[in-house]
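>>> need coordinates for the below:
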Amino acid sequence: MEHQREQELLPPLVAMVSSPGMGHLIPMIEFAKRLTNHHNLPVTFIIPSDSPPSKAQTTVLSSLPCGISHIFLPPVTLSDLPPDTKPEPLMTITILRSLPSLHQTLLSLITSHRLSALVVDLFSTDAISTAAELDIPSYIFFATTANNLSLAFYLPQLDQKFPSEFRDIHEPLNIPGCYTVHGKDLPTPVQDRTNEAYTCFLHHLKKYKLAKGIIVNSFFELEPEAFMFLQKNEPVVHSVGPLVNQDNIDNESEFEVGLKWLDEQPLGSVVFICFGSGGTHSSSQTNELAFGLELSEQRFLWVLRCPNDKVENDSNFIANSNVDPFDFLPDGFVERTKGRGLVVPYWAPQAQVLSHVSIGGFVCHCGWNSILESVVNGVPLIAWPLYAEQKMNAVLVSEEVKVAIRVNVGEDGLIEREEIASVVKRSMEGEEGKKVRNNMMGLKEIAANALKENGSSTKQICELAHKWKGVAIPN
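Got it, this is the predicted structure:
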């Protein structure tokens, strides 16, 4: 009892655990900024890994406001795992092997702070048991859609209902709290139920009910049916989005040529092509994309990575930095498209590019962070999903809220140049593109309102902040 009183007198602190990589860390940082800047609630990030901190991590974390600190846990070893281990098990095992260090770190923090909450991402749910040992309430930060969360809760029933693989089911799936979706559009980890990634997915789902709440980086007005369904159940679900990084890029000098080129283009005339930090294509698909852009006769800015013919769709786990991606372009492509097209290798400051007035469309892999960045900037999408839950996201933006045109994939898995040219041209010039553009501009305004003073997401963040600070919510 005496210890409890002493804890109550200590200043509050929220701890956040993000799995390896930047995809979940970035939106969690934006959430932390809201807590710190608007509610004076300090946050400490605890970062597990199997290697020393990356340059991207240290750059981002060292630039945060003084109310946000970070602790890197000692790297764990994964050398005993097979080289072809899937990303989901890799991240999960990294967290599991980091739990002893996490326990010690939390013990250290509670000597000087009242740990109000431990917020974990969807691959760090094993940390919930560690928090429970120390009587720290746990919350899950769900860095994608409420519809995907509805699917997650229903997946055990789907697993029992259908003996075959989901991708082989021909009729649409009716999932409570989710739009109608075909089995082939379900997330990659659930497409092969014999795979360790699927087992890993189910492992985390079982932990969701142990959390005090789930924090979703989306906004109520975008997915009202899903949020209304989820709010009828437990744990409590909070909509806090759209949380995207809109800070100025410190290393924008690396992209000076690209920004200068964009400045010279007409308003809303450029298609931006970027498939996230991990998206890659085969050599043949890269070739088709190049010819498709050329055939479209539209202005474009293309972030080009080396093709990957071995590990489908994901460059996060392959190393090709010593290879020039321009070597894989069709002969004469750069010369033939000079003036109306610009190809840049590996990287561009996506948030900054999407906010540029010359950008009129975004060929996107449908990662949720990228979709939200496009919504915040009012840029219509061309949906080209690759892996993870991106096909589910593509259904949302193209069929439900109609702010995207989705590419059609051929029977051989290839998106042909004629299809690419057609979709790009329709998006930039056609009547269909005009409707999508108008829908996106309307959604941009709705998204902005969600984070205004009395917006739906602002109220949810305020509720969490006051709960964690231990004070009443003002009327």
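>>> and Leu155, how many neighbours does it have?
19 (other CB atoms under 10 Å). (Glycine included, C-beta is placed from N, CA and C.)
>>> just the element for it, please.
helix 146-161 (DSSP states H and E).
>>> hmm, who's touching that helix?
142, 166, 173, 175-179, 181, 186-187, 190, 193, 201-202, 205, 208, 214, 216, 218, 223, 226-227, 229-230, 233, 237, 239, 389, 392-393, 396 (CB atoms under 8 Å, 6 or more residues apart in numbering).
>>> just the CA coordinates for the longest helix anywhere in the chain, please, in PDB.
Once the chain is assigned using DSSP state H, the helix that runs over the most residues is helix 87-109. Only the C-alpha atoms of helix 87-109 are listed here, as PDB (Å, rounded to 0.1, in the frame of the first residue of the first chain):
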ATOM      1  CA  PRO A  87       9.900 -11.200 -41.400                       C
ATOM      2  CA  GLU A  88       7.000 -11.800 -38.900                       C
ATOM      3  CA  PRO A  89       8.800 -14.500 -36.900                       C
ATOM      4  CA  LEU A  90      12.000 -12.600 -37.100                       C
ATOM      5  CA  MET A  91      10.400  -9.600 -35.400                       C
ATOM      6  CA  THR A  92       8.500 -11.700 -32.900                       C
ATOM      7  CA  ILE A  93      11.600 -13.700 -31.900                       C
ATOM      8  CA  THR A  94      13.600 -10.500 -31.500                       C
ATOM      9  CA  ILE A  95      11.000  -9.200 -29.100                       C
ATOM     10  CA  LEU A  96      10.800 -12.500 -27.200                       C
ATOM     11  CA  ARG A  97      14.600 -12.600 -26.700                       C
ATOM     12  CA  SER A  98      14.600  -9.000 -25.600                       C
ATOM     13  CA  LEU A  99      12.000  -9.500 -22.800                       C
ATOM     14  CA  PRO A 100      14.600  -9.900 -20.000                       C
ATOM     15  CA  SER A 101      16.300  -6.600 -21.000                       C
ATOM     16  CA  LEU A 102      12.900  -5.000 -21.300                       C
ATOM     17  CA  HIS A 103      11.900  -6.200 -17.800                       C
ATOM     18  CA  GLN A 104      15.100  -4.600 -16.400                       C
ATOM     19  CA  THR A 105      14.500  -1.400 -18.300                       C
ATOM     20  CA  LEU A 106      11.000  -1.100 -17.000                       C
ATOM     21  CA  LEU A 107      12.100  -1.800 -13.400                       C
ATOM     22  CA  SER A 108      14.600   1.000 -13.800                       C
ATOM     23  CA  LEU A 109      12.000   3.500 -15.100                       C
END
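>>> next SSE after it?
Following helix 87-109 in sequence, per DSSP H and E, is strand 114-121.
>>> helices or strands up against that next one?
helix 2-9, strand 12-17, helix 25-39, helix 87-109, helix 127-133, strand 138-142, helix 456-469 (3 or more CB pairs under 8 Å, 6 or more residues apart in numbering; DSSP states H and E).
>>> tell me which of the ones you listed sits nearest to Gly278.
When the helices and strands packed on strand 114-121 are ranked by distance to Gly278, counting by CB to CB, first place goes to helix 87-109 at 8.9 Å.
>>> and the contacts of that closest one?
Helix 87-109 is contacted by residues 13, 15, 17, 19-21, 44, 46, 48-50, 71, 73-74, 76-78, 81, 115, 118, 123-124, 126-127, 130-131, 133-134, 136, 189, 196-197, 200-201, 203-204, 314, 316-317 when judged by CB under 8 Å, 6+ apart.
>>> also stretch 58-68?
Under the criterion CB under 8 Å, 6+ apart, residues 22, 25-26, 29, 32-33, 36-37, 40-45, 47, 53, 70, 247, 250 lie in contact with stretch 58-68.
>>> beta partners for Phe72?
According to DSSP bridges, the residues that bridge with Phe72 are Ile47.
>>> got a list of what it touches?
Phe72 neighbours (CB under 8 Å, 6+ apart): 47, 49, 53.
>>> isn't the last one up against Ile47?
Yep, that's Pro53 we're talking about. Yes - when contacts are counted by CB atoms under 8 Å, Pro53 is listed as touching Ile47 (7.1 Å).
>>> comparing these two, which shows the higher neighbour count?
Neighbour tally, Pro53 and Ile47, criterion other CB under 10 Å: the higher count belongs to Ile47, 19 against 15.
>>> identify the residues contacting that one.
17-18, 25, 53, 57, 61, 70-73.
>>> can you check Ser355 too?
So, once contact is read as CB under 8 Å, 6+ apart, Ser355 ends up touching 246, 377.
>>> let me know the pLDDT of it.
pLDDT recorded at Ser355 is 97.
>>> can you list the domains in this protein?
The record's domain split for the chain, according to automatic domain parsing, is 2-241+452-469, 252-448.
>>> filter the contacts of stretch 58-68 to the buried ones?
Using 16 or more other CB atoms under 10 Å as the burial test, those include 22, 25-26, 29, 32-33, 36, 41-45, 47, 70 as buried.
>>> farthest-separated two in the residues you listed?
Farthest apart among the buried ones among the contacts of stretch 58-68 - using CB to CB - are Met22 and Leu41, which lie 23.4 Å from each other.
>>> pLDDT below threshold where in the stretch 201-350 of the chain?
248-253, 311-321 (pLDDT under 70).
>>> helices of that one, start to end?
For the stretch 201-350 of the chain, the helices defined by DSSP state H, counting those that start in this stretch cover 224-230, 256-263, 283-296, 333-336, 350-354.
>>> most packed of these?
helix 350-354 (a mean of 21; mean count of other CB atoms under 10 Å).
>>> what does it rub up against?
By CB under 8 Å, 6+ apart, the surrounding residues in contact with helix 350-354 are 244-249, 252, 255, 258-259, 262, 272, 274, 301, 359, 362, 370, 373-374, 377, 379.
>>> filter these down to the buried ones and hand me the ChimeraX line.
To isolate the buried ones among those in ChimeraX, judged by 16+ other CB under 10 Å, type:
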select :244,245,249,255,258,259,262,272,274,301,359,362,370,373,374,377,379
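>>> that older thread, from the chain's centroid, how far away is the longest helix of the chain?
For helix 87-109, the distance from its own C-alpha centre to the chain's C-alpha centre is 21 Å (CA atoms, centre = their mean, to the nearest Å).
>>> now that helix: mean pLDDT?
On average, helix 87-109 scores 97.
>>> tell me what angle that helix forms with strand 12-17.
Helix 87-109 runs at 150 degrees relative to strand 12-17, counting by axes from the mean of the first three to the mean of the last three CA atoms, to 10 degrees.
>>> which of the three states applies to Pro176?
coil (DSSP: H, G, I helix; E, B strand; the rest coil).
>>> count of residues packed around it?
Counted with other CB under 10 Å, Pro176 comes out at 15.
>>> contacts only, for it.
150, 154, 229.
>>> distance of it relative to Leu158?
Here the criterion is CB to CB, to the nearest Å. By it, Pro176 lies 11 Å from Leu158.
>>> same question for Asp50.
Taking CB to CB, one finds Asp50 at 32 Å from Leu158.
>>> how about TSV for the helices and strands packed on strand 114-121, with distance to Ala421 added?
TSV is the format used below for those (distance: least, CB to CB, whole Å):
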stretch	distance to Ala421
helix 2-9	63
strand 12-17	44
helix 25-39	33
helix 87-109	33
helix 127-133	47
strand 138-142	37
helix 456-469	38
